[in-house]
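# Okay, sequence plus prediction incoming.
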Amino acid sequence: MSAELPNSFGRNEPLPNGERRRQRPARTPATTPGQHRTCAELLSLARQTQQLRTLMKKILPSDLFVDPAWDMMVELMVAEGTDSPLYVKDLMLLTGESAASTCRRISRLQEEELLDRHPDPQDHRRVRVTLTDQGHAAMAMMLRRLFNGSEPDSDAPVTPISFRPGRPKI
């Protein structure tokens, strides 16, 4: 009988060879009044970021403005918010990188403890990729700063900050 490990979405998945790995408690959404953003709001910010990247690719030379690691992290944030699994191949197709480059980038993000890899229990040829708690917290902070300019102290509506040369930042 194989051991079970809760994944980042809170469901248990059997491990293929019964080995034990450290179990991480499922992350609970930030829904208390004192916390900054709910999961739905973070999902909305991540989707807005995806839309901005799509617009950038249409307007600017796509080979000059690439950041595969950022694209992976944003996509993982959306996948977590929608309870959709993402696999290494999905990230490879998303970034347009080779399999070797994608795996090196994923390894580097994993070394920084921003994401984890888990074998797919239904198909052992596939490897599922998820954000760690640290990766989720980093993305939440980056998305808030991207759209708010700093850590918000209130539940004010999210408004992107515009840059205008010669004008002080608000």
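Everything's here; your move.

# from here on, contacts and neighbour counts on C-alpha atoms
Fine.

# May I ask you to name the longest helix in this protein?
The residue-count maximum for a helix in the chain (DSSP state H) belongs to helix 39-59.

# Next SSE downstream of that helix?
helix 68-82 (DSSP states H and E).

# With just CA atoms, put that next one into CSV.
The C-alpha trace of helix 68-82 is given here as CSV (Å, rounded to 0.1, in the frame of the first residue of the first chain):
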residue,chain,number,x,y,z
PRO,A,68,10.0,32.5,-18.7
ALA,A,69,10.4,32.2,-14.9
TRP,A,70,7.9,35.0,-14.3
ASP,A,71,5.5,33.5,-16.8
MET,A,72,5.8,30.2,-15.1
MET,A,73,5.1,31.6,-11.6
VAL,A,74,2.1,33.6,-12.8
GLU,A,75,0.7,30.6,-14.6
LEU,A,76,1.2,28.5,-11.5
MET,A,77,-0.6,31.1,-9.4
VAL,A,78,-3.6,31.0,-11.8
ALA,A,79,-3.5,27.1,-11.8
GLU,A,80,-3.6,27.1,-8.0
GLY,A,81,-6.4,29.6,-7.9
THR,A,82,-8.5,27.6,-10.4
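
# so where's this structure shaky on pLDDT?
Scanning the chain with the threshold set as pLDDT under 70 gives 1-38, 150-170.

# try 50 this time
For the chain, applying pLDDT under 50 flags the ranges 1-37.

# Where do the strands of this structure begin and end?
Counting by DSSP state E, the chain has strands at residues 4-6, 12-14, 86-87, 115-119, 127-131.

# Residues contacting the last one, please?
Contacting residues not belonging to strand 127-131 are listed as 8, 73, 76-77, 80, 85-88, 114-120 [C-alpha atoms under 8 Å, 6 or more residues apart in numbering].

# Can you tell me which of these are classed as buried?
Buried subset of the contacts of strand 127-131 (neighbour count, 16 or more other C-alpha atoms under 10 Å): 8, 73, 76-77, 80, 86-88, 114-117, 119-120.
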